[in-house]
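> one predicted model, sequence on top.
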Amino acid sequence: MSNTGAASVQSDPSLLDDIRRYGKFDTMGCYQCGSCTISCELVTDFVTFPRRIIRYVLLGLREPLLGSLDSWVCHDCGDCSIVCPRQAEPRISMMTLRRFLTAEYDWTGISSKVLSSPGWHVGSLSLVSAFILALIVLYHLLFVKLPFHDFATTALGLEHMFPTMLYFTLAVVLLPLLLLLSRIFRIWRLTMRGRSVPLSAYALEAWTYVVHSVTHKLMRKCPERGRWAGHWLLALGVSLILAIKVFGLRWFQTDKIYPIYHPQRWLGYLATVLILYGVGVILTCHIRGRKEICKTRELEDLTFPILLLLTALSGISVHILRYAGLELACHFVYALHILIATPMLVVEMSFGKWSHMVYRPLALYFQAVKERASASQQAVGQEVVPNAV
């Protein structure tokens, strides 16, 4: 039995092995010197990582670990690994913990398989892509009534598929979002259970979620200033293109040829540039600045930015080919675009590491709620005690 605060919890010897399914977690090198915690710009009086949650793992304290939000406050800058005297790589341990927690939040169990097995990861992406390819073929053969011998040689206008693509796009975009939102209650139950938190604390801190979702301001404390700009612009570009797909697809996806100054074209160009710049920053940071990339699961973490890069390039290629009047080439590239974008959204956003784009600001919101509730309780205690003396 181990004492954590006022509650006594059972030590779970299987916790470390469970976590190591998701990547490297070095416990032999770490001797709890605290250098990592001291070096981190994001550590506060309430959030002291990586040392505290590494200690939870060493002691097998599963419940306190699942209830901790510290792993999500970490923004992966790597300062802790630089100062570690034993080269225990606490940055990688934190990344592994986030994969583990992502799997714990997912009630479907799919995240656990995708994040712990390269075979499941690649296989799920391939399976979704193969399913979409089959839908494309069946659509043209059965719905459009295109003879099979003309399938690969006949160019059609795109207008016949626009009504179908509207519903398909909405499904592909909204399904991952609904899956992510369906886990909010589980995250709340794991991280806020046993706490008496007034509803006013949730209401007063609601703006915190918006601020961190929009600004990524904690990342600005990381030493690599360009890293914040790259991530922020990437998120802006992705949010812009998703908003267009959900709210303006009929206006954006059309056979009409617009002049160069039309906003329909410039919004697409802007989103593409933002995504390409953001992905470029991420890939450069990983490949040039992280020597451990080849010996950890960081290589798997590059799947999403690479798929996002290919999605942006294939999307802009469809636009160029359509305006150039190359209809058959446009059809093939458009099919390739869908085959890349769909598994990226359905698998990577729903079950992969990149679901942290929703989890991280949510965790920062819950942490702010905890801190507000704690401060309120302390203030009440200070007022009551003198009166009782």
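That came in fine, so what should we check first? Numbers count the residues shown, from 1 in each chain.
> would you map out the domains in this protein?
With automatic domain parsing as the criterion, the domains of the chain are listed as 2-105, 110-368.
> ends of the last one, what's the gap?
Read it as domain 110-368. Domain 110-368 has an end-to-end distance of 30 Å (C-alpha to C-alpha, to the nearest Å).
> run a quick neighbour tally on Arg193.
10 (other C-beta atoms under 10 Å). No exception for glycine: its C-beta is placed from N, CA and C like everyone else's.
> then Trp354?
The burial count for Trp354: 20, using other C-beta under 10 Å.
> how much space between the spatially closest residue to it that is not a sequence neighbour and Val358?
Among residues not flanking Trp354 along the chain, Phe304 sits closest, at 4.5 Å (C-beta to C-beta, 6 or more residues apart in numbering). Plainly put, Phe304 is 14 Å away from Val358 if you go by C-beta to C-beta, to the nearest Å.
> same deal with Pro176?
Counting by C-beta to C-beta - Pro176 and Val358 are separated by 9 Å.
> again, but for Leu101
Using C-beta to C-beta, Leu101 is found at 13 Å from Val358.
> check Thr108 too.
Distance check for Thr108 against Val358: by C-beta to C-beta, it reads 15 Å.
> repeat for Val114
For Val114, the distance to Val358 - C-beta to C-beta - is 16 Å.
> also Leu66?
For Leu66, the distance to Val358 equals 18 Å [C-beta to C-beta].
> over to Ile260?
Using C-beta to C-beta, one obtains 36 Å as the distance from Ile260 to Val358.
> Leu16 now?
Distance from Leu16 to Val358, counting by C-beta to C-beta: 27 Å.
> out of these two, which sits in the more crowded spot?
Legend: neighbour count by other C-beta under 10 Å for Leu16 and Val358, higher for Val358 (19 against 14).
> which strands or helices does the lengthiest helix in the chain pack on?
Using DSSP state H to define each element, the chain has its longest helix at helix 356-388. Secondary-structure packing of helix 356-388 (3 or more C-beta pairs under 8 Å, 6 or more residues apart in numbering; DSSP states H and E): helix 70-73, helix 90-105, helix 162-181, helix 184-192, helix 199-204, helix 206-215.
> any idea how far that helix is from the middle of the chain?
Relative to its chain's centre, helix 356-388 lies at 26 Å (C-alpha atoms, centre = their mean, to the nearest Å).
> got the angle between that helix and helix 206-215?
If you take axes from the mean of the first three to the mean of the last three C-alpha atoms, to 10 degrees, helix 356-388 sits at 150 degrees to helix 206-215.
> list the buried residues for helix 356-388?
Going by neighbour count (16 or more other C-beta atoms under 10 Å), the buried part of helix 356-388 is 356-373.
> ditto for stretch 26-40
Asp26, Cys30, Ser35, Cys36, Thr37, Ser39, Cys40.
> and those as JSON lines, adding distance to Cys80?
Shown next, in JSON lines, are these (distance: C-beta to C-beta, whole Å):
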{"residue": "Asp26", "distance to Cys80": "12"}
{"residue": "Cys30", "distance to Cys80": "11"}
{"residue": "Ser35", "distance to Cys80": "8"}
{"residue": "Cys36", "distance to Cys80": "4"}
{"residue": "Thr37", "distance to Cys80": "8"}
{"residue": "Ser39", "distance to Cys80": "6"}
{"residue": "Cys40", "distance to Cys80": "6"}
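> closest to Gly248 out of these?
Cys40 (41.6 Å; C-beta to C-beta).
> you'd agree the closest one is up against Asp79?
Yes - using C-beta atoms under 8 Å, Cys40 is in contact with Asp79, at 6.0 Å.
> now do stretch 165-179: distance to the chain's middle.
Distance, centroid of stretch 165-179 to centroid of chain: 17 Å (C-alpha atoms, centre = their mean).
> contacting residues around it?
For stretch 165-179, the surrounding residues in contact (C-beta atoms under 8 Å, 6 or more residues apart in numbering) are 108, 242, 245-246, 249-250, 253, 341-342, 345-346, 349-351.
> tell me the mean pLDDT over that stretch?
Across stretch 165-179, the average pLDDT comes to 88.
> gap between Gln253 and Leu58?
Gln253 sits at a distance of 53 Å from Leu58 (criterion: C-beta to C-beta).
> from Glu205, how far off is Pro118?
38 Å.
> higher neighbour count, those two?
The residue with more neighbours, out of Pro118 and Glu205, is Glu205; 20 against 13, by other C-beta under 10 Å.
> that one against Ala368, yeah?
Yes - the pair Glu205 and Ala368 passes the contact test of C-beta under 8 Å, sitting 4.4 Å apart.
> skipping adjacent residues, who's closest to Thr164 in space?
Leaving aside its chain neighbours, Thr164 sits nearest to Tyr139 (7.1 Å; criterion: C-beta to C-beta, 6+ apart).
> actually, Gln87.
Nearest non-adjacent residue to Gln87 (C-beta to C-beta, 6+ apart): Gly29, at 6.4 Å.
> all helices of the stretch 201-350 of the chain, in order?
For the stretch 201-350 of the chain, applying DSSP state H, counting those that start in this stretch gives helices covering 206-215, 225-247, 249-252, 263-289, 298-301, 303-323, 327-343, 350-351.
> just those: most buried one?
helix 350-351 (a mean of 24; mean count of other C-beta atoms under 10 Å).
> just how off-centre is that one within its chain?
Offset of helix 350-351 from its chain centre (C-alpha atoms, centre = their mean): 9 Å.
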